[in-house]
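Chemist: Fold the following, please.
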Amino acid sequence: MKIRIGGASAVLAVLLAAASTVPAHADEHTTPAGSHRPVSTRDVHGFLTKGDYAHFSHTVRNTVNAHGWWKKLDGPATHAKITIWLQVQTSHGWRTLDKGVKTVPPGGGSNKRAVANWKCTNLIVKNHFRTVVDADIVGYPDGPEKLTTKTQTLYCGV
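Modeler: Next comes the predicted model:
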């Protein structure tokens, strides 16, 4: 078996040579792998924005709900204002059904998360739901990034 690498090798060599001449530097704001927020190099406050998929509630019948929370990676931050939007897809785009806001410590769990929910009008009509979660660390600036969860198809009339 012969492998042909002539032209591709030359192009790769040129690209690698060009990349090695560019000095590496850190911007004032960088985003660590897996993070949804910028981290300041002066006051490090790395965290992850977390949220679950829209799902039927285990405690309230015929209700779709979702939760948002945050996970602290490092830094002095102790609380974040979590905002979660429960949305349904319509012919005109995404429509917000409910919005939950709560300031919580890191973690998740029933007392460390914000909740959004919607009481279904029926269990016959199929709709597509998603959640959008924003975590704003109290006392620190951050960017506009938000976590958008994967769309879930549920039999819940709106």
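Chemist: Now do the helix or strand hosting W70: which elements does it pack against?
Modeler: When secondary structure is defined using DSSP states H and E, the element that contains W70 is strand 63-72. Counting by 3 or more CB pairs under 8 Å, 6 or more residues apart in numbering; DSSP states H and E, the packing neighbours recorded for strand 63-72 are strand 47-51, strand 55-56, strand 80-90, strand 93-104, strand 114-119, strand 126-137. Where C-beta positions appear, they are placed from N, C-alpha and C, glycine not excepted.
Chemist: Surely K81 and V138 touch.
Modeler: Yes - contact status for K81 versus V138: in contact at 6.3 Å, counting by CB atoms under 8 Å.
Chemist: Those two - which one has more neighbours?
Modeler: Ranked by neighbour count (other CB atoms under 10 Å), K81 and V138 place K81 first, with 15 against 11.
Chemist: beta partners of that one?
Modeler: When bridges are assigned using DSSP bridges, the partners listed for K81 are T103, D136.
Chemist: List the residues that contact it.
Modeler: Contact analysis of K81 by CB atoms under 8 Å, 6 or more residues apart in numbering lists V101, K102, T103, A135, D136, V138.
Chemist: which of these are buried?
Modeler: By the neighbour-count criterion of 16 or more other CB atoms under 10 Å, those include these buried positions: K102, A135, D136.
Chemist: Out of those residues, the closest to V125 would be?
Modeler: Of all these, the one with the least separation from V125 (CB to CB) is K102, at 29.8 Å.
Chemist: How confident was the prediction at R4?
Modeler: Reading off the per-residue confidence, R4 sits at a pLDDT of 37.
Chemist: Provide the secondary structure category for N111.
Modeler: At N111 the chain is in coil, as set by DSSP: H, G, I helix; E, B strand; the rest coil.
Chemist: Just confirm it contacts K102, I think it does.
Modeler: No - at 9.3 Å, N111 and K102 do not qualify as touching, with contact defined as CB under 8 Å.
Chemist: Between these two, which contacts overlap?
Modeler: Common contacts of N111 and K102, defined by CB under 8 Å, 6+ apart, are absent altogether.
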